[in-house]
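Enquirer: 3D, please:
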Amino acid sequence: MADCIFCKIAKKEIPSTVVYEDDQVVAFKDLEPQAPVHVLVIPKKHIASVAALQAEDKELAGHILCQVIPAIAREQGIADSGFRVVVNTGAEGGQTVNHLHFHLLGGRSMQWPPG
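Expert: Numbers count the residues shown, from 1 in each chain. Below is the predicted model:
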């Protein structure tokens, strides 16, 4: 997607503070953090949302959830104290960028319900 801001970040066309990268994923600090640790984890492949995931994406989703997010949580020092992973989907779900992204939040006590 030529006009997708997260695709441009993944391609290094827009600068970001990268905290993790591999051949499938890039993770970077959120520009408007909602917690002391607020990292966005995105696939380099453009996928619009969780609702747009296909069967062919299950290895990518598993990689993000089982390997990438736990590794970043450990590196950021929030693995033991706890963290939250948020995936907004669609307008009413609060999704503002139509590229699948996972918010990794930690470093403070999270409240429930999230609002």
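
Enquirer: and for residue 28, nearest residue in space, chain neighbours not counted?
Expert: residue 16 (3.9 Å; Cβ to Cβ, 6 or more residues apart in numbering). Every residue, glycine included, has its C-beta placed from N, CA and C.

Enquirer: how confident was the prediction at the one you found?
Expert: For residue 16, the pLDDT comes out at 97.

Enquirer: what about it, which SS state?
Expert: For residue 16, the secondary structure call by DSSP: H, G, I helix; E, B strand; the rest coil comes out as coil.

Enquirer: give me phi/psi at it?
Expert: phi -150, psi 170 (degrees, to the nearest 10).

Enquirer: show me what contacts it?
Expert: Counting by Cβ atoms under 8 Å, 6 or more residues apart in numbering, residue 16 makes contact with 9, 26, 28-29.

Enquirer: any chance of the residues you listed in a markdown table, plus pLDDT?
Expert: Shown next, in a markdown table, are those (pLDDT from 0 to 100):
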| residue | pLDDT |
| --- | --- |
| 9 | 97 |
| 26 | 98 |
| 28 | 98 |
| 29 | 98 |
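
Enquirer: please pick the buried ones from those residues.
Expert: Among the contacts of residue 16, the ones that count as buried by 16 or more other Cβ atoms under 10 Å are 9, 26, 28.

Enquirer: picking up where we left off before, can you tell me how far the residue nearest to residue 28 is from residue 101?
Expert: Residue 16 sits 12 Å away from residue 101 when distances are taken as Cβ to Cβ, to the nearest Å.
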